[in-house]
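K.L.:
Pasting the sequence and the predicted coordinates here, then a few questions.
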Amino acid sequence: MKRLITPTFLMVLALLAFSEISARIFFAKDIDGRFAYGYDPQAGFAEHRDGTVKLFRAGGRRFHPQSFQSHRPPGSYRIFVLGDSVPRGPSFKEAYSWVLGEDLRRQGIQAESFNMALAGYGARRCQVVLKKVLEFEPSLIILHVDDSNKWEDEREWRRSQEFQGWHPRHWLMKVFIFRRPYEANLEKVFWSLVPEQVRLKGAVSDADAQVAASKDPEEIAARMRLAQETMVENVALVRRLRIPLLLISQCRVERDEGRPPYLSDHGLDAMCAALTGPGVYHLSMSEVFKGEEGPSYFADSGHLQSQGHRLLARAICRKILREQAEFGLAAVKVVVAGEPPAGRMATSRGKIAAPPVTESRP
C-alpha cells in the first residue's frame, strides 16, 4: 500500500497553509468581514484614534474610498447617501452625492456629502449600513429606495450563516484561498459551461435563479413587501434620532414593443409617499425625469448616466434649499425657485452642464 503522506503531499499542504496565513496577515484589511457577506456592521469602516474614519473595500463592501471625522465639524452640514449601484454612480465624482455636495457648497453651505452606496445591496444590507452611519452625526440621510437586489441579500445572508458554526462540512470553505475561487468559478465560470438542463436540475445557478426570481409575480410581491417593511423600520429609527431623511424612489425605463420608452416607478413612489411625515421627505425619480427626455438620461433600464446624476443632484439641491428649515439648515443664500444653482450653465439643448470638478474633500 502506497504511503498517503508523502513529501510532495506535505509540501503542498505547507504551501497552502503558508498562502492562507500570508493572506490573513498581509491582506487582513481586505479579508476583514469577508465571510459576513455585507452583514458585518464594521466591514469597510476603519476608525482611527485621531477620530478619522476611512472607508475602504472589504468584507463584500466596495465603498468608494473616502474619509471623514467621526464627529461632525462645527457648522458642517453632513450628508450620507445610501443605496445600491444606482446612487453609487458610474464613478465617484459623477455620482449625484458628489455633485450635490458641490452644488450646496456653491450656495455657501459648508456641506459634506459622502457616497455610501454599494452595488448589489438590497433593503436588508442597506439597513445594516444605515445603522452604522447613524453613529457619525449625519445632518441628513438620503436613502435611495429600490426593491431590487432582494435575491442578492438573501443569498449573502445564507452564506454568512454558513460560517456561524464549525460543522465539518464548512471547514474547507472557511479557508479564504479556497472559498473565493470556489464562488467565482461556481457563479461565473462553471455553471456557464454546464448544459441548461443540468443547471435547471441542479437548481444552484445563482444567475439562472436570479433571472427567474425577477420575473416571478410572487417573488416581485415579496420583494415589495420586504422593501416596505424595511423602510418602515428605517423611518422609525431615523425619526427617533430626529435626523432628516430624504427618500429617493427609483424608477426604470420600460421598453414595450409598439410604444416609445417610458418611466415606471413599480409602486415605489406610492410606498415612499406613504412614509413621509415629520422629518421624512420624498423625491420621485420619475417626477424628476418626467418631461426631461427621461430615458436618454439612463445608461440602461435603471442606472443613470453622468448627466442623469447631475439632473437628480440639481433636483435634490433645490428641495433642500426650498425647505431648508425642515432639513435643519441655518439661514443660507437661496437660489430663486426654479433656477439652477449658481455655477451651472445651460447647454444649447437646454440641459444642465456639469459644474467644474475640484479636488476638494468629498
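P.N.:
That came through fine.
K.L.:
Tell me where the model's unsure across the stretch 101-250 of the chain.
P.N.:
By pLDDT under 70, the weakly predicted segments of the stretch 101-250 of the chain are 165, 167-216.
K.L.:
show me where it has strands.
P.N.:
Here the stretch 101-250 of the chain has its strands, by DSSP state E, counting those that start in this stretch, at 111-115, 140-145, 245-249.
K.L.:
Parallel or antiparallel, list what pairs with the second one.
P.N.:
Here strand 140-145 is paired, per DSSP bridges, with strand 77-82 (parallel), strand 245-249 (parallel).
K.L.:
can I get those strands in JSON lines with distance to F35 and mean neighbour count?
P.N.:
For the C-beta atoms, the positions are set from N, CA and C on the backbone; glycine is no exception. Formatted as JSON lines, the strands paired with strand 140-145 follow (distance: least, Cβ to Cβ, whole Å; neighbours: other Cβ atoms under 10 Å):
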{"stretch": "strand 77-82", "distance to F35": "23", "mean neighbour count": "24"}
{"stretch": "strand 245-249", "distance to F35": "31", "mean neighbour count": "24"}
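K.L.:
Could you export these as TSV, including distance to M116?
P.N.:
As requested, these are exported to TSV (distance: least, Cβ to Cβ, whole Å):
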stretch	distance to M116
strand 77-82	5
strand 245-249	13
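K.L.:
out of those strands, which comes closest to G38?
P.N.:
When these are compared by Cβ to Cβ, strand 77-82 sits nearest G38, at 12.9 Å.
K.L.:
Need the contact partners of the very next helix or strand once past the closest one.
P.N.:
Sequence order places helix 85-88 as the next helix or strand after strand 77-82, per DSSP states H and E. Under the criterion Cβ atoms under 8 Å, 6 or more residues apart in numbering, residues 64, 81, 95-97, 115, 117-120, 142, 144, 146, 248, 250, 302-304 lie in contact with helix 85-88.
K.L.:
Check stretch 251-271 too.
P.N.:
The set of residues external to stretch 251-271 that reach it, using Cβ under 8 Å, 6+ apart, is 145-147, 224, 227-228, 231, 249-250, 282, 284-287, 289-290, 294-295, 298, 300-302.
K.L.:
I'd like to know which of those residues are buried.
P.N.:
Listed as buried from those are 145-147, 224, 227-228, 231, 249-250, 282, 284-286, 289, 294-295, 298, 302; burial here means 16 or more other Cβ atoms under 10 Å.
K.L.:
what about the helices in the chain?
P.N.:
7-26, 28-31, 85-88, 96-106, 123-133, 150-162, 176-184, 191-193, 196-202, 206-215, 217-240, 268-275, 285-289, 306-322 (DSSP state H).
K.L.:
Show residues contacting the fifth one.
P.N.:
This means helix 123-133. Under Cβ under 8 Å, 6+ apart, the answer for helix 123-133 is 38-39, 41-42, 45, 61, 80, 82-84, 116, 118, 121, 141, 143, 147, 149-150, 153, 156-157, 226-227, 230-231, 233-234, 237-238.
K.L.:
That helix to strand 245-249, inter-axis angle?
P.N.:
150 degrees (axes from the mean of the first three to the mean of the last three Cα atoms, to 10 degrees).
K.L.:
can you check the last one too?
P.N.:
Between the axes of helix 306-322 and strand 245-249, defined by the same axes, to 10 degrees, the angle is 140 degrees.
K.L.:
which other helices and strands contact helix 306-322?
P.N.:
helix 96-106, strand 245-249, strand 280-284, helix 285-289 (3 or more Cβ pairs under 8 Å, 6 or more residues apart in numbering; DSSP states H and E).
K.L.:
And those: which comes nearest C317?
P.N.:
Using Cβ to Cβ, those put helix 96-106 closest to C317, at 4.3 Å.
K.L.:
got the angle for the closest one vs strand 111-115?
P.N.:
180 degrees.
K.L.:
which of the contacts of helix 85-88 count as buried?
P.N.:
Looks like the contacts of helix 85-88 have 64, 81, 95-97, 115, 117-118, 120, 142, 144, 146, 248, 250, 302-304 buried, using 16+ other Cβ under 10 Å.
K.L.:
excluding its backbone neighbours, what's nearest C251?
P.N.:
Excluding the flanking residues, the one nearest C251 by Cβ to Cβ, 6 or more residues apart in numbering is S286, at 3.8 Å.
K.L.:
What pLDDT does the model give that neighbour?
P.N.:
pLDDT, S286: 95.
K.L.:
What distance do you get for it to R159?
P.N.:
Separation of S286 from R159 (Cβ to Cβ, to the nearest Å): 34 Å.
K.L.:
and what of A274?
P.N.:
Taken as Cβ to Cβ, the span from A274 to R159 is 33 Å.
K.L.:
And for G59?
P.N.:
Separation of G59 from R159 (Cβ to Cβ) stands at 12 Å.
K.L.:
same thing with R318?
P.N.:
R318 is 42 Å from R159, by Cβ to Cβ.
K.L.:
Likewise for A273?
P.N.:
35 Å.
K.L.:
Ok, A36 next?
P.N.:
9 Å.
K.L.:
which one of those two has more residues nearby?
P.N.:
Neighbours around A36 and R159, counted as other Cβ atoms under 10 Å, are more numerous at A36. The numbers are 21 against 18.
K.L.:
quick one: that one and G60 touch, right?
P.N.:
Yes - the pair A36 and G60 passes the contact test of Cβ atoms under 8 Å, sitting 7.2 Å apart.
K.L.:
Now for these two: what residues contact both?
P.N.:
A43.
K.L.:
Can you get me a residue count around E229?
P.N.:
For E229, using other Cβ under 10 Å, the count is 12.
K.L.:
Spit out the contact partners of P295.
P.N.:
With Cβ under 8 Å, 6+ apart, P295 has these contacts: V253, P261, Y262, L263.
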